[in-house]
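> sequence unknown, structure follows:
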């Protein structure tokens, strides 16, 4: 079987490891579910490049309700705390896609984790900070979702501006 992995250009070295690097994952669940996931996967592996100098929390990425997600019970933040009053933040100019806060419950009453998701079987991130109160975790998860949606809209706007600039430059070159 041909490997879909390819070499990445090393960006930096931290603790003797070149980054970005391929992150190996071992899906959870019964063997049949793992085989089905491997056969029907529409994405490849994950590449990760933590930037220790950034100081910002980046969280752990996974696909929600997928065999690769942490084995924890989860709820939407707005279901945990109804006073949030909305079901996510729009992450595109067309208001088609939303990013929504999620709360994961740690086992044995050890607390809650806050994060965001684009929906079931979609990109999600969970932060490592443990919260004792479920409501607090829901509010923080909603804030994570808001920031992620804002960042996505800014990224899309920047990409569109770059594409428009490239088209203008291409048109100017064609005129010459």
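Looks like it arrived, so ask away. Please read all numbers here as calculations on a predicted model, not as lab measurements.

> is it true that residue 75 touches residue 102?
Yes - at 7.1 Å, residue 75 and residue 102 qualify as touching, with contact defined as CB atoms under 8 Å. Just so you know, the C-beta spots here come from the backbone N, C-alpha and C atoms, and that holds for glycine as well.

> what about the two, which has more around it?
Legend: neighbour count by other CB atoms under 10 Å for residue 75 and residue 102, higher for residue 102 (27 against 18).

> which ones are touching the more buried one?
64, 74-77, 114-117, 124, 126, 141 (CB atoms under 8 Å, 6 or more residues apart in numbering).

> so which of those residues are in strands?
Residues of those located in strands (DSSP state E): 74-76, 114-117, 124, 126.

> nearest to residue 137 among those residues?
Using CB to CB, residue 114 comes nearest to residue 137 of these, at 4.6 Å.

> any idea how far that closest one lies from residue 105?
Residue 114 sits 11 Å away from residue 105, taking CB to CB, to the nearest Å as the criterion.

> circling back to that earlier point, reformat the ones in strands among the contacts of residue 102 as a markdown table; add pLDDT and distance to residue 83.
Output for the ones in strands among the contacts of residue 102, formatted as a markdown table (pLDDT from 0 to 100; distance: CB to CB, whole Å):
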| residue | pLDDT | distance to residue 83 |
| --- | --- | --- |
| 74 | 95 | 19 |
| 75 | 96 | 15 |
| 76 | 97 | 14 |
| 114 | 96 | 16 |
| 115 | 94 | 19 |
| 116 | 93 | 18 |
| 117 | 92 | 20 |
| 124 | 88 | 23 |
| 126 | 90 | 22 |
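
> got CSV for those, with distance to residue 29 too?
CSV is the format used below for the ones in strands among the contacts of residue 102 (distance: CB to CB, whole Å):
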residue, distance to residue 29
74, 16
75, 20
76, 22
114, 25
115, 21
116, 23
117, 19
124, 17
126, 19
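
> tell me which stretches of this structure form strands.
Using DSSP E, strands in the chain cover 12-14, 17-19, 21-23, 46-48, 60-63, 73-76, 89-90, 98-105, 112-117, 123-131.

> mean pLDDT lowest for which of these?
Here the lowest mean pLDDT among those goes to strand 46-48, at a mean of 52.

> tell me which other helices or strands the lengthiest helix in the chain touches.
Scanning the chain for the longest helix, with DSSP state H as the assignment, gives helix 134-175. With contacts taken as 3 or more CB pairs under 8 Å, 6 or more residues apart in numbering; DSSP states H and E, helix 134-175 sits against helix 77-80, strand 89-90, strand 98-105, strand 112-117, strand 123-131.

> good, we can wrap up now.
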